[in-house]
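K.L.:
just need the structure, nothing else, for what follows:
(chains A and B)
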Amino acid sequence: MSIFVDKNTKVIVQGITGRDGSFHTQQMIDYGTQVVGGVTPGKGGSEVSGIPVFNSVAEAKSASGADCSVIYVPIRFVVDAIYEAIYAGIELVVVITEGIPTLEMTKLYPFIKSRGSRMIGPNCPGIITPGECKVGILPGHIHTPGPIGVVSRSGTLTYEVVHNLSKEGLGQSTCLGIGGDPIAGTNFIDCLDAFQKDAQTEAVVLVGEIGGTDEEQAAEFIKKNMDKPVVGLIVGRTAPPGKRMGHAGAIISGGKGTAEEKIAALTSAGVPVADIPSQIPGLVKEALEE
Amino acid sequence: MKIHEYQAKEIFVSFGVTIPRGKMVTTVQEAVAIAEEFGYPVAVKSQVLVGGRGKAGGIKLAKNKNEAEQHAESILGMDIKGLTVERLLIEEGVDIAQEFYVGVIVDRTTRKPTFMVSAEGGVEIEEVARQTPERIKKLSIDPFSGIFDFQARELASFLTDDFQLAGRIADFIKNLYRSFTACDASLAEINPLVVTKDGQVIALDAKINLDDNGLYRHQDHEQLRDKSEEGPSAADARQMGLSYIPLEGNIACVVNGAGLAMCTMDLIKYYGGEPANFLDIGGSSSPAKVTTAMKIVRAQGNADALLFNIFGGITRCDDVANGIKEAFAGKAPELPIVCRLTGTNEEKAKEIMASINIPTLTDMDQAVQKVVAVAKGG
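P.N.:
This next block holds a predicted model:
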């Protein structure tokens, strides 16, 4: 078991002929992901890494039976690419591309919901169920199968956390980065809910950062709806207010979105919060023993 | 991206939002000439990208030529929260009867454009929100349909019982919404929105923050960027696709990924040091990004040691190592460097670093502890 993706997930790659798309297609195939097709308008009929390329998502889906799409297309084409995937009936869309205007996301989010699909990202590293399926750009080799779910707003910080878990013998059920934008297709609560219902997952690591109130809402959800242990990490304790810390969503404004508030909310929901990533495995082990 | 009040007003006026007659000037002579043309009183307003201009003495009313000259002289060149005033907005005086607050933002919780209006105009809206939240009305707008007339009337009616006036404010609100969406703003705020004694509805102040993610489809917005307030290092960083924020500490850090970069800062603090900056070199790194990062860190000048923290995914460790090698071009580094490189092409990177006599570590905690010790002279 796992959440959102597993060994049966059939993936198409939008932007498969691009530099990032073709490179990561090979990486995903090497990991064992079922990549069944690619899409680049105008390049239908060609192949990338032995994978057939189609002109549209609808064609790719009807030829391959894909249920998931990963999007690497450049920013100018990404909004259209997402709508195309949803119109074609793709259930899970993973958007790696960075830089979607927030006002576009205010439209995309309710549209995708209304179609019953799910989007992970944008501006995210993707999702991996270790040993089964990798969708995105996460480095496969640091992951090991096991009982820990990992959800994060970040990319490389997720790798750091996973690396620490694997080193201490704590394998993962599914790991995903939900992206650092103000509006994300999938939020912490969606993932916590899925991990709570997933039989393989025994504990969850939640990696948050300054900005917004997603972590506070996650804390509320954990208090009310979860009996599996959750361990937290919040970064940005030393960030100055009013400065965007790389991610569009990581900014303390009007006194809101501080690390202190988030840590307090999680602590009051019974979530132990690590000061630094290397403390996480110990906290997870303690939580599992209780 | 923040833009100046006069630039925001130029955008607003193109969407039918009423603003006072005004002109941006950069010299005292121009300021006086415009004041004479407008007639008195005129407002002399500093144009800097920071709040609290009024409190800092950066906005003054001139009742005659003498005062216009004095105010222009004292405000031009003035330092407001570390920024030097180089531009003034000279505006015709307005007879104020009432002041309101009207703003629209993208609300992260409702995931919708959301209006906030209050009859408490001219004061800090955050203060109103904290102390008397019932005096602010919030209304979310469906981004597909845009703002309906009845919604604009609902917002306006919260501000006044005068139905005639409410109609004019509702029109103003609709125009504000159109300008907000058309320019991909993350915030559009009028504080205060004033009603003049003869019943006109005017944006006395104006603020627009543009969504950085929207800039790619508004080529014309690039000319609005005030490069003088950005600084050369920030400009270098932006052009190279790096995120950079200077801080007060003495340990510089260069990291791949914003989350890991924040985490590195936190870790430096946790182990007893102070970070000198936030610097994210982003995902697919090239040696050029690394050399630019090095240039920025060196230019900042307050670092006693430099930490590289790279977790290779798409970022290849050997690219980073080559960048470091190029940055020094055969010369010994002028400040101690601690390097943590792990992940993709780690072994190649170690060889490159060994060739320039910089040892590499693979553990983040060890690397941070070491750089903190080195910065303290240990």
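K.L.:
so where is chain B shaky, pLDDT-wise?
P.N.:
Residue ranges of chain B with pLDDT under 70: B:284-285, B:378.
K.L.:
care to break it down by domain?
P.N.:
Following automatic domain parsing, one finds the domains of chain B at B:21-92, B:96-222, B:232-375.
K.L.:
just name the most buried of these.
P.N.:
Highest mean neighbour count among the domains of chain B (mean count of other C-beta atoms under 10 Å in any protein chain shown): domain B:232-375, with a mean of 21. From N, CA and C alone the C-beta is placed, and that goes for glycine too.
K.L.:
what residues of the helix-or-strand element of chain A with minimal mean pLDDT count as buried?
P.N.:
Ranked by mean pLDDT, DSSP states H and E, the weakest helix or strand in chain A is helix A:19-31, scoring a mean of 94. By 16 or more other C-beta atoms under 10 Å in any protein chain shown, the buried positions in helix A:19-31 come out as A:20-22, A:24-25, A:27-29, A:31.
K.L.:
could you name the helices and strands sitting against it?
P.N.:
Packing partners of helix A:19-31 (3 or more C-beta pairs under 8 Å, 6 or more residues apart in numbering or on different chains; DSSP states H and E): strand A:10-14, strand A:34-39, strand A:47-48, strand A:133-136.
K.L.:
at 10 Å what do you get?
P.N.:
Secondary-structure packing of helix A:19-31 (3 or more C-beta pairs under 10 Å, 6 or more residues apart in numbering or on different chains; DSSP states H and E): strand A:10-14, strand A:34-39, strand A:47-48, strand A:51-54, strand A:68-71, strand A:126-129, strand A:133-136.
K.L.:
near chain B at all, the third one?
P.N.:
No: counting by C-beta under 10 Å from any C-beta of the partner chain, chain B has no neighbours in strand A:47-48; the shortest distance is 17.8 Å.
K.L.:
near chain B, which residues of the stretch 1-150 of chain A?
P.N.:
With C-beta under 10 Å from any C-beta as the criterion, the stretch 1-150 of chain A meets chain B at residues A:19-20, A:23-24, A:27, A:74-76, A:79, A:96, A:98-111, A:113, A:122-123, A:125, A:136-139, A:141-142.
K.L.:
who's in contact with residue B:242?
P.N.:
With contact taken as C-beta atoms under 10 Å, 6 or more residues apart in numbering or on different chains, residue B:242 is in contact with A:246, B:233-234, B:236, B:254, B:279-282, B:285, B:289-290, B:292-293, B:296.
K.L.:
mind listing the helices for the stretch 101-250 of chain B?
P.N.:
Per DSSP state H, counting those that start in this stretch, the stretch 101-250 of chain B has helices spanning B:125-131, B:149-159, B:163-182, B:232-240. These are given in chain order.
K.L.:
what about the closest residue to residue A:170 other than its chain neighbours, distance to residue B:308?
P.N.:
Among residues not flanking residue A:170 along the chain, residue A:148 sits closest, at 5.2 Å (C-beta to C-beta, 6 or more residues apart in numbering or on different chains). Computed as C-beta to C-beta, to the nearest Å, the residue A:148 to residue B:308 distance reads 29 Å.
K.L.:
and if you look at residue B:36?
P.N.:
Going from residue B:36 to residue B:308 by C-beta to C-beta gives 59 Å.
K.L.:
ditto for residue B:127
P.N.:
Using C-beta to C-beta, residue B:127 is found at 43 Å from residue B:308.
K.L.:
also residue B:132?
P.N.:
50 Å.
K.L.:
next one: residue B:33
P.N.:
54 Å.
K.L.:
so what's residue B:368 up against?
P.N.:
If you count contacts by C-beta under 10 Å, 6+ apart, residue B:368 has them with A:276, B:251, B:253, B:263-273, B:307, B:309, B:338, B:340, B:361.
K.L.:
likewise residue B:92?
P.N.:
If you count contacts by C-beta under 10 Å, 6+ apart, residue B:92 has them with B:19-23, B:34-35, B:37-43.
K.L.:
can you tell me the SS state at the residue of chain A most remote from its centre?
P.N.:
Using C-alpha atoms, centre = their mean, the residue of chain A lying farthest from its centre is residue A:45. It sits 30.8 Å away. What DSSP: H, G, I helix; E, B strand; the rest coil gives for residue A:45 is coil.
K.L.:
which residue is the nearest non-sequential neighbour of whichever residue of the stretch 51-200 of chain A sits closest to chain B?
P.N.:
Of the residues in the stretch 51-200 of chain A, the one nearest chain B is residue A:154, at a distance of 2.5 Å by C-beta to the nearest C-beta. Leaving aside its chain neighbours, residue A:154 sits nearest to residue B:259 (2.5 Å; criterion: C-beta to C-beta, 6+ apart).
K.L.:
so residue B:253 sits against residue B:264, correct?
P.N.:
Yes: at 5.1 Å, residue B:253 counts as touching residue B:264 under the criterion of C-beta atoms under 10 Å.
K.L.:
overlap of the contact sets of those two?
P.N.:
Common contacts of residue B:253 and residue B:264 (C-beta under 10 Å, 6+ apart): B:275, B:278-280, B:307-309, B:367-368, B:371.
K.L.:
these two touch, right, residue A:283 and residue A:206?
P.N.:
No: applying C-beta under 10 Å as the test, residue A:283 and residue A:206 come out as separate, 11.6 Å apart.
K.L.:
the more surrounded of these two?
P.N.:
When neighbours are counted by other C-beta atoms under 10 Å in any protein chain shown, residue A:283 and residue A:206 differ, and residue A:206 comes out ahead with 27 against 19.
K.L.:
coming back round to it: just flag the most distant two among the contacts of residue B:92.
P.N.:
Using C-beta to C-beta, the pair of these lying farthest apart is B:19 and B:40, separated by 18.9 Å.
K.L.:
so who does residue B:207 touch?
P.N.:
By C-beta under 10 Å, 6+ apart, the contact set of residue B:207 is B:2-5, B:8-9, B:49, B:51, B:103, B:185, B:187-191.
K.L.:
residue B:81: which of the residues you listed is nearest?
P.N.:
Nearest member of the contacts of residue B:207 to residue B:81, counting by C-beta to C-beta, is residue B:51, at 8.4 Å.
K.L.:
so the closest one: helix, strand or coil?
P.N.:
Recorded secondary structure, residue B:51: coil (three-state DSSP).
K.L.:
element containing the closest residue in space to residue B:193 that isn't next to it in sequence, please.
P.N.:
Leaving aside its sequence neighbours, residue B:193 sits nearest to residue B:100 (C-beta to C-beta, 6+ apart; 4.5 Å). Element membership for residue B:100 (DSSP states H and E) is strand B:96-107.
K.L.:
same deal with residue B:91?
P.N.:
Element membership for residue B:91, per DSSP H and E: strand B:88-92.
K.L.:
just checking: what are the partner strands of that strand?
P.N.:
Under the criterion DSSP bridges, strand B:88-92 sits next to strand B:22-25 (antiparallel), strand B:42-46 (antiparallel) in its sheet.
K.L.:
which other residues reach the first one?
P.N.:
Outside strand B:22-25, the residues that touch it by C-beta under 10 Å, 6+ apart are B:4-7, B:9-10, B:13, B:30-35, B:37-38, B:42-45, B:47, B:72, B:76, B:87-92.
K.L.:
how far does that strand sit from its chain's centre?
P.N.:
22 Å (C-alpha atoms, centre = their mean, to the nearest Å).
K.L.:
please name the residues that touch residue 227.
P.N.:
You didn't say which chain, so I picked chain A. For residue A:227, the contact set (C-beta under 10 Å, 6+ apart) comprises residue A:196.
K.L.:
right idea, wrong chain: chain B
P.N.:
Applying C-beta under 10 Å, 6+ apart to residue B:227 gives the contacts B:234-235, B:238.
K.L.:
repeat that with 8 Å
P.N.:
Residues counted as contacts of residue B:227 (C-beta atoms under 8 Å, 6 or more residues apart in numbering or on different chains) are residue B:235.
K.L.:
that's all I had, so thanks and see you.
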